[in-house]
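J.: Need a 3D model of the sequence below.
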Amino acid sequence: MNTRRSWPAAHLEEARAFNAAKSPMRGPQNIDGLRETRARRAEQQPATDPDAVALTAEAEGRRVPVRVFTPRDAAPNGIYLDIHGGGFYMDSAERSDARNRQLADGLGVAVVSVDYRLAPESPWPAAPDDCETAALWLLDHAAERFGTTRMVIGGASAGATLSMTTLLRLRDRSRSEELCGAALQFGTYDLSGGTPAGRLIADEYFLQAYVGHVDDRTAPDISPVFADLRDLPPTLLVIGDKDILLEDNLAMTARLSAAGNDVDLRIYPESPHAFTSHPTALAATARHDIESWIAERIANQERAT
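T.: You can find the predicted model right below:
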């Protein structure tokens, strides 16, 4: 389902002007470019107050660092498991601190962000292994640590892809029903180049860095659009109409719906990849929509228990 609405002309013009002034987005094209980008982005870490609590999640003998934010003035009413973006090869949980601090306070949830290993130093399956470890740790320990088991998973770009692969792993363990939703922003769901949507990004370096060693990239743990998508929690997909991944998200929405899932597709006009981080009114509306959807899923789960 796509939520249709009328957009103020001023918001559309602001977004067009911002996009026109912004340099075209393209990720690093080799290992040297990746190192330069990592170094530059590491210098841009915003401070938060209060800061995150750094913990280690552990499950089935695996360990992964996580960063935890809890509401300032109340006990959490739910949990948001955040998986950061960055093409599987850059950024960190810490880079999402400012947004996660706001999310914790605004929604009254505990936000747990996964510091998964990055490619090419640690290619697939390191990242999904780490995200699964964090999810299992939360499912097993959320009640004692946070006083609630109501949990939504989500992420942007590569974080959305990893959120979906984590859901599939949990579903195969018969544990996906313990989550009440997934909020996915502009994920990439075909890393194989086997679909028309996947072929649009087939020359991107992040693919070589993350899965260059894999012969069959249609494996669902890599390209979840090829998965059996039954029995997943309600899912929100957010995408811009100028995003190269639009077709990929349309395909994933169709497959989720065909598998019998509750799926909500939101397409935002004049919006390229990663637009929810832009300082525009349209991006602010999208962020509000995502937060409202997360809050509704948690509230629905509370009423059901």
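
J.: how about the helices of the stretch 51-200 of the chain, start to end?
T.: Counting by DSSP state H, counting those that start in this stretch, the stretch 51-200 of the chain has helices at residues 97-107, 126-146, 158-172, 196-199.

J.: Now do the shortest one: everything it contacts.
T.: When you say that, I think you mean helix 196-199. Tyr189, Asp190, Leu191, Ser192, Gly193, Ser223, Val225, Leu245, Glu247, Asp248, Leu250, Ala251 (C-beta atoms under 8 Å, 6 or more residues apart in numbering). Using the backbone N, CA and C atoms, a C-beta is placed for each residue, glycine as well.

J.: Of all the helices of the stretch 51-200 of the chain, which one comes closest to Asp262?
T.: The closest of the helices of the stretch 51-200 of the chain to Asp262 is helix 158-172. By C-beta to C-beta, the value is 13.2 Å.

J.: May I see the buried residues of the closest one?
T.: 158-171 (16 or more other C-beta atoms under 10 Å).

J.: ok, now stretch 133-141?
T.: Thr133, Ala134, Ala135, Leu136, Trp137, Leu138, Leu139.

J.: Distance from that stretch to the middle of the chain?
T.: 17 Å (C-alpha atoms, centre = their mean, to the nearest Å).

J.: got the contact list for it?
T.: Residues contacting stretch 133-141 (C-beta under 8 Å, 6+ apart): 57-60, 62-64, 66, 79, 81, 112, 114, 116, 149, 151, 153, 166, 169-170, 175, 178.

J.: Can you tell me the closest non-neighbouring residue to Ile298?
T.: Excluding its sequence neighbours, the residue lying closest to Ile298 (C-beta to C-beta, 6 or more residues apart in numbering) is Gly78, at 3.6 Å.

J.: Just to check, the one you found is in contact with Val109?
T.: Yes: look at Gly78 against Val109 with C-beta atoms under 8 Å: they come within range, at 4.6 Å.

J.: what's the overlap in contacts for those two?
T.: The contact lists of Gly78 and Val109 share Ile294, Ile298, where a contact means C-beta under 8 Å, 6+ apart.

J.: Between the contacts of helix 196-199, which sits nearest Ala47?
T.: Leu245 (31.3 Å).
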